[in-house]
Structure formats: C-alpha cells, structure tokens
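J.: What follows is a predicted structure for the sequence shown.
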Amino acid sequence: MAETCYGKGTVILVVEINNNIGTPIRNLQNMLRVISQNDSTINLIIADGIFGTETKNAVASFQKLYDLSPTGEADF
C-alpha cells in the first residue's frame, strides 16, 4: 500500500491504493467528483470503485490541471 499526495494551492488529493478496485478507488473517484464540481475540465465520474477509462481520464485531467505528467495513473 502506498500513499499519493498531489497538491497546488488549496487542493490536495490523497489516496491509498492496493489494486484497481475497491474502496481506495472509490475514495479517489469521490475526491475527483468533488474537484470536478468546481472545475469543469475534470469530467464528473461515477464512484463505482473500478479504475476504468473514465477514472483514468479524470486522473489525467487532474494531473494536467496541476502541472503533473498526465499519465492517468494514480502513481506514487
């Protein structure tokens, strides 16, 4: 398990990830949903706990917005 922190200004995204499904992914998706309510460049996604295409695209949008390499991976 690892912890990932991204931040710029007052936005901080922290997620613990073991694999591509389950509660940690759902937590990531919920955080991305909250951020997307204030920034339309991040698509509103469904928090289903599965790291699929929509989640990958939302992560990449978040990364691009905060000047990170837009890989779409919640990397460490």
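T.: That came through, no problem. Keep in mind that this is a model prediction, so the values were computed, not measured.
J.: Tell me the first helix or strand C-terminal of the longest helix seen in the chain.
T.: Using DSSP state H to define each element, the chain has its longest helix at helix 23-38. Proceeding C-terminally, helix 23-38 gives way to helix 53-65 as the next helix or strand, assigned by DSSP states H and E.
J.: Report all helices and strands that that following helix contacts.
T.: Using 3 or more C-beta pairs under 8 Å, 6 or more residues apart in numbering; DSSP states H and E, the elements in contact with helix 53-65 are helix 23-38. Where you see a C-beta, it was placed from the backbone N, CA and C, and this is true even at glycine.
J.: counting contacts, what elements does the helix it packs on pack onto?
T.: strand 11-17, helix 53-65.
J.: For the last one, output the C-alpha coordinates as PDB.
T.: By that I understand helix 53-65. Only the C-alpha atoms of helix 53-65 are listed here, as PDB (Å, rounded to 0.1, in the frame of the first residue of the first chain):
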ATOM      1  CA  THR A  53     -11.400   4.500 -18.600                       C
ATOM      2  CA  GLU A  54     -13.500   7.300 -17.100                       C
ATOM      3  CA  THR A  55     -11.400   7.300 -13.900                       C
ATOM      4  CA  LYS A  56      -8.200   7.200 -15.800                       C
ATOM      5  CA  ASN A  57      -9.300  10.200 -17.900                       C
ATOM      6  CA  ALA A  58     -10.400  12.200 -14.800                       C
ATOM      7  CA  VAL A  59      -7.000  11.500 -13.100                       C
ATOM      8  CA  ALA A  60      -5.200  12.600 -16.300                       C
ATOM      9  CA  SER A  61      -7.300  15.800 -16.300                       C
ATOM     10  CA  PHE A  62      -6.400  16.400 -12.700                       C
ATOM     11  CA  GLN A  63      -2.700  15.800 -13.400                       C
ATOM     12  CA  LYS A  64      -2.800  18.200 -16.300                       C
ATOM     13  CA  LEU A  65      -4.600  20.900 -14.300                       C
END
